[in-house]
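# Provide a 3D model corresponding to the input given below.
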Amino acid sequence: MGVGGKQLVSVRKKRWWLNRTALMVLWVFISGLIWVGLHLYSRRDSMQKAEDNLVSMCNDRARMLQDQFAVSVNHFQALAILISTFHYEKHPSVLDQDTFAYYTAKTALERPLLNGVAYAQRVLRSEREAFERRQGWTIKSFEGTPSPEKDEYAAVIYSQETVSYIEALDMMSGEEDHENILKARATGKAVLTNPFRLLGSNHLGVVLTFAVYRSGLPKDATLEQRIEATLGYLGGAFDVESLVENLLRQLAGNQDIVVNVYDVTNASQPLIMYGAQSTNSYQSPSHVSVLDFGDPFRKHEMKCRYRQKVPIPLSAITTPSGVFVICMLAGYILFAAWSRYDSVKEDWRKSEELKLRAEAADVAKSQFLATVSHEIRTPMNGVLGMLDMLLDTDLNLIQRDCAQTARVCGKALISLMNEVLDREKIESGKLELEAVPFDLRFLLDDVLSLFSSKSREKGIELAVFVSDNVPQVVIGDPGRFRQIITNLVGNSVKFTKRGHIFVQVHLAGSLYQCISLSEEVESLAKNIQDKMLVDTFNYTPNTLSGFEAADSTNNWENFRLLLNEPCSGLNASEHACKWTSNKVTLVVSVEDTGIGIPVHAQDRVFTPFMQVDSSASRMYGGTGIGLSISKYLVELMGGQISFVSRPHVGSTFTFTAMFQQDENIEFGDLHSALVECLPDDLRGMNAFLIDGRPVRSSVTMYHLKRLGIRADVATNIKMALHSISGQNGLQRTRKQLQVLLVERDAWDLETYSILLDQLEELKKKGLISETPKTILLSTSELNRAELNLYFDMVITKPLRASTLAACLQNILRLKDTRSLSGKEKENGSASALHRLLDGKKILVVDDNKVNLMVAAGSLKKYGANVVCVERGRDALALLRPPHDFDACFMDIQMPEMDGFEATRQIRLMEGNEKLRSLGPTTLEHSGWSSWRLPVLAMTADVIQATYEECIKWGMDGYISKPFDEEQLYQAISGSLVSNSNASPVL
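Model prediction:
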């Protein structure tokens, strides 16, 4: 490089250093400007905050001063009402000077700021002579001389002891008092005087004057009406200085500010009512708050300022200095920080975008589920309602069974929608359990009836058994318990082609402790355990249907122990159990002989929306959420769920659930939807059962025992023939045998014909009075025409106590004589609803004609007089006061005017009618509920937000579609009972 090149490089370096120096100086200069700007800004901000704080404190003190003054004025007005009531409206007057002085002295604490109270009666010139004769003194002026003749006077007749010296004075003889009296009478409001020094305390105060009118004066009365209705004037002296001083003493920060109160009626010459003039030479921030003491003719204000000059905050120096240091470092890290900022900002934007998408998807899913649920519930309300109306007509057994099955299937569809919504509630953590008493056995029978048609089509045994030591009534959530059983039984029916489905409910041994056990029971239990170990290698299925079950512990030997057969010889004291608490834990198992669950899929059985494989989903259907919901519900009930499954053998699901029990509960405490009253006319009858399977015969005996029927069992027809004829030494009282039940697989025509002939021979010999009625029990539909030649009736399983009772009553020609006392005890049952609705006139509003028919039919069934309209405007026309409706059922979603707006209009009409009829004074003492028409919402939405919206718009209750008897009773009982003694709506 030559000399010229070196010089060029040197020049460039020098220029670069100069540029860097210039940039550094520029950066320092900019930082200094930032310091100055921040300092000025901090000082201004500090001053602004001080001014804002002063404004806040001044406004607070002004507001509290007005409030305390208003409290005293309210007591003052109450005293005026006292005088008007007891002096003028009572004849003769029950108020005199001694009473007034005594009352005002006793209530002086309620008016601590009033030095004295006095009442001056308005006296006209024509009344003066009679007034002075009645009072016994002459009306005097302020000078102490008799008041000169004029049009009217304001003579003091009552006064507090502290101002008793003003008795007989004419308050209108003073110029300012005369002016205040005229203002108070003309406006009906309290009027104040100019401030003056009070006697005794030497504090600044004002005199408050208030006119006392005759009762019945309207609010918008004219000046002439007010003058005509004026009876007198109530006056009192207010100690303004004490009022302000007491207020400031209670507030924090009083030492920081100075408060002055002025009368600025004359703005050019304001009168100071509290405080001293400022002597500080500096200009301190101040604020003026307007005071409203209720006097329309006088103006007052409060002026506040700081005692000392507002100091410069330390932050005005430290903060700019810190910023200056930071600015010096910012040049080195600005680029990296900005790059990092851009990266973080972009990540945050993406996360917010993903969050919004997830929230939108969740909202869309919830709205979709709510919409689908609403659209399905609306037509299902008509379907189920029409079925209920159909069931209330005269039907034969087959028709009634078909209608009931259709109703049950409709409820199953509603349950499916509830299941989807439950999954949504589980994900949001909003699923809760209720606690109501219910009949466990009736609930299980009701669940099995849902699957009766499918089990008959497949020819599988479907049965339920509940141990005797399980309480008949438990307290829990029947709907959720039903949902668990329905899910498990539904899966079993879906995947079982032959064999059986067996539901068992037993008492968990962990909740009771045996008082004593005999050595015989312990030995028997040990022998059974040894036998079970041997049967593991040589096993013959002895189950409900004869097919092998997945859980080997559910065998006949263990099941027989639950029937209390081994304990039949024990004394009652030896067999008694001791309860440890009012809680009871039940063990429920659902056993099937279906296809089972593959081993590789058993670990994801309770995973939501998971199927064993895609082929199972295509072949059997299902969503895969039933078991996950069941597991969550079981855990909510304080239990656990597990299963044992063997491919091509079957599955057994077992869960525990904790309930409460109350030994004092009666069936009257149960709703009719939760308990089943079985007939009493079958109790004491005798039956004979022919069944070769012990477990199945025990199930049949369980249902017969619930009806109060005693039964003997034989494994085949030959043994039954010997037992009935007495050939085996087990002769019974044959004249009492009414029913003979035969299982289909235990029946053969030849032996059965011999049995029938033997029964006829016994009847001819007089050994039995009547030939027993014969019933064939079958798991599938048979040729009834052929079998009716040999049997009086064929019953297709699954068995249900109520169905079995109806069949027995039919063939024995008995009437359904259910316990009358039991029916009378059913609170919330049909009889209770009939008593509640009988004669009530109810308006139903719904734009769907089918829903109108359903609602009207449901209400008319219980004796109500129903009027139906299809629009909200038509409902308003009918409910315009006066009307004679007792309640209104209002649909929410309607065209033109929805249920919310219609309810709002109804409440508005009721409020206007109350004000018009009673007036504002009487309305305060009238019963509000007597004017309120109960309005109940009807909707297919089942979301909690919908219920809250109904209450917000003035509705009294909520009924979701489709509604049943229990829901109807719960919704209307509170409204109609609370309004049963109320007066009718005007």
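
# Go through stretch 129-137 and flag the buried ones.
By neighbour count, and taking 16 or more other C-beta atoms under 10 Å as the criterion, the buried residues in stretch 129-137 are 131-132, 135. Any C-beta I mention is one placed from the backbone N, CA and C, and that applies to glycine too.

# what residue ranges in the stretch 201-350 of the chain score low on pLDDT?
Within the stretch 201-350 of the chain, the ranges that satisfy pLDDT under 70 run 201, 251-255, 277-283, 331-332, 334-336, 338-339.

# Same list, the buried residues of stretch 129-137, but as JSON lines with distance to Lys841 and pLDDT please.
Putting those into JSON lines (distance: C-beta to C-beta, whole Å; pLDDT from 0 to 100) gives the following:
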{"residue": "Phe131", "distance to Lys841": "60", "pLDDT": "88"}
{"residue": "Glu132", "distance to Lys841": "66", "pLDDT": "88"}
{"residue": "Gln135", "distance to Lys841": "62", "pLDDT": "86"}
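
# Identify those among those that sit within helices.
If you go by DSSP state H, the buried residues of stretch 129-137 have 131-132, 135 in helices.

# how about those residues in a markdown table, adding distance to Arg214?
Conversion of these to a markdown table gives the following (distance: C-beta to C-beta, whole Å):
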| residue | distance to Arg214 |
| --- | --- |
| Phe131 | 17 |
| Glu132 | 22 |
| Gln135 | 20 |
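
# Can you tell me which of the residues you listed lies closest to Asn396?
Distances from those to Asn396 were compared by C-beta to C-beta; the smallest belongs to Phe131, at 94.9 Å.

# got a list of what that closest one touches?
In this structure, Phe131 makes contact with 121, 123, 139, 155, judged by C-beta atoms under 8 Å, 6 or more residues apart in numbering.

# how close does it get to Ala211?
In this view, Phe131 and Ala211 are 19 Å apart by C-beta to C-beta, to the nearest Å.

# cool, Gln893 as well?
Taking C-beta to C-beta as the measure, Gln893 and Ala211 are separated by 56 Å.

# One more: Gly957?
According to C-beta to C-beta, Gly957 and Ala211 sit 49 Å apart.

# Comparing these two, which residue is more hemmed in?
Between Gly957 and Ala211, counted using other C-beta atoms under 10 Å, Ala211 has the larger neighbour count: 25 against 20.

# pretty sure that one contacts Arg185?
Yes - here Ala211 reaches Arg185: they are 4.5 Å apart, a contact under C-beta atoms under 8 Å.

# anything in contact with each of these two?
Between them, Ala211 and Arg185 have 226, 230, 233 as joint contacts when contacts are counted by C-beta under 8 Å, 6+ apart.

# partner residues bridging the second one?
Read it as Thr230. With DSSP bridges as the criterion, Thr230 is bridged to Tyr213.

# Verify the stated contact: it with Tyr213.
Yes - shown here, Thr230 and Tyr213 form a contact pair, counting by C-beta under 8 Å, at 6.0 Å.

# can you pull out the strands in the stretch 751-900 of the chain?
Assigned by DSSP state E, counting those that start in this stretch, the stretch 751-900 of the chain shows strands spanning 773-778, 793-796, 841-845, 865-869, 887-891.

# most packed of these?
Burial among the strands of the stretch 751-900 of the chain, expressed as mean neighbours by mean count of other C-beta atoms under 10 Å, is greatest for strand 887-891, which shows a mean of 26.

# What is that one packed up against?
Under the contact definition 3 or more C-beta pairs under 8 Å, 6 or more residues apart in numbering; DSSP states H and E, strand 887-891 sits against strand 841-845, helix 849-860, helix 872-878, helix 899-923, strand 935-939, helix 965-978.

# Kindly recompute the last result at 10 Å.
Strand 887-891 makes packing contacts with strand 841-845, helix 849-860, strand 865-869, helix 872-878, helix 899-923, strand 935-939, strand 957-960, helix 965-978 when contacts are defined by 3 or more C-beta pairs under 10 Å, 6 or more residues apart in numbering; DSSP states H and E.

# How many neighbouring residues does the closest residue to Pro694 other than its chain neighbours have?
In this structure, Pro694 finds its nearest non-sequential neighbour in Trp556, 5.4 Å apart by C-beta to C-beta, 6 or more residues apart in numbering. Using other C-beta under 10 Å, Trp556 has 16 other residues around it.

# Out of the strands of the stretch 751-900 of the chain, which gets nearest to Thr393?
Each of these was scored for nearness to Thr393 using C-beta to C-beta, and the closest is strand 865-869 (18.2 Å).

# what pairs with that closest one, and is each one parallel or antiparallel?
Looking at strand 865-869 with DSSP bridges, its paired strands and their directions are strand 841-845 (parallel).

# quick check: mean pLDDT across the strand it pairs with?
Mean pLDDT, strand 841-845: 92.

# returning to what we had before: need the helices and strands packed on strand 887-891 in CSV (columns: distance to Glu949).
Below are the helices and strands packed on strand 887-891 laid out as CSV (distance: least, C-beta to C-beta, whole Å):
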stretch, distance to Glu949
strand 841-845, 17
helix 849-860, 20
strand 865-869, 22
helix 872-878, 16
helix 899-923, 7
strand 935-939, 9
strand 957-960, 10
helix 965-978, 16
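
# Report pLDDT for Gln905.
Listed pLDDT for Gln905 reads 90.

# Run a quick neighbour tally on it.
Counted by other C-beta under 10 Å, the residues lying close to Gln905 total 18.

# same check, this time on Lys764
Other residues within reach of Lys764, judged by other C-beta under 10 Å, total 9.

# Pull out the buried positions in stretch 205-223.
Of all the residues in stretch 205-223, those buried under the rule 16+ other C-beta under 10 Å are 205-213.

# cool, and stretch 316-328?
For stretch 316-328, burial by neighbour count (16+ other C-beta under 10 Å) applies to 316, 319-320, 323-324, 327.

# CA atoms only for it - export them in PDB, please.
Extracted as PDB, the C-alpha positions of stretch 316-328 are listed here (Å, rounded to 0.1, in the frame of the first residue of the first chain):
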ATOM      1  CA  ALA A 316     -39.200  12.700  40.400                       C
ATOM      2  CA  ILE A 317     -35.400  12.500  40.800                       C
ATOM      3  CA  THR A 318     -34.700   8.900  41.200                       C
ATOM      4  CA  THR A 319     -36.900   7.700  38.400                       C
ATOM      5  CA  PRO A 320     -35.400  10.000  35.700                       C
ATOM      6  CA  SER A 321     -31.900   9.100  36.900                       C
ATOM      7  CA  GLY A 322     -32.600   5.400  36.700                       C
ATOM      8  CA  VAL A 323     -34.000   5.900  33.200                       C
ATOM      9  CA  PHE A 324     -30.900   7.800  32.300                       C
ATOM     10  CA  VAL A 325     -28.600   5.000  33.300                       C
ATOM     11  CA  ILE A 326     -30.800   2.500  31.500                       C
ATOM     12  CA  CYS A 327     -30.700   4.600  28.400                       C
ATOM     13  CA  MET A 328     -26.900   4.500  28.500                       C
END
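
# will you turn the contacts of Phe131 into CSV that also has distance to Ala168, secondary structure and pLDDT?
As requested, the contacts of Phe131 are arranged in CSV below (distance: C-beta to C-beta, whole Å; DSSP: H, G, I helix; E, B strand; the rest coil; pLDDT from 0 to 100):
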residue, distance to Ala168, secondary structure, pLDDT
Gln121, 11, strand, 90
Val123, 11, strand, 90
Ile139, 6, coil, 88
Ala155, 6, strand, 89
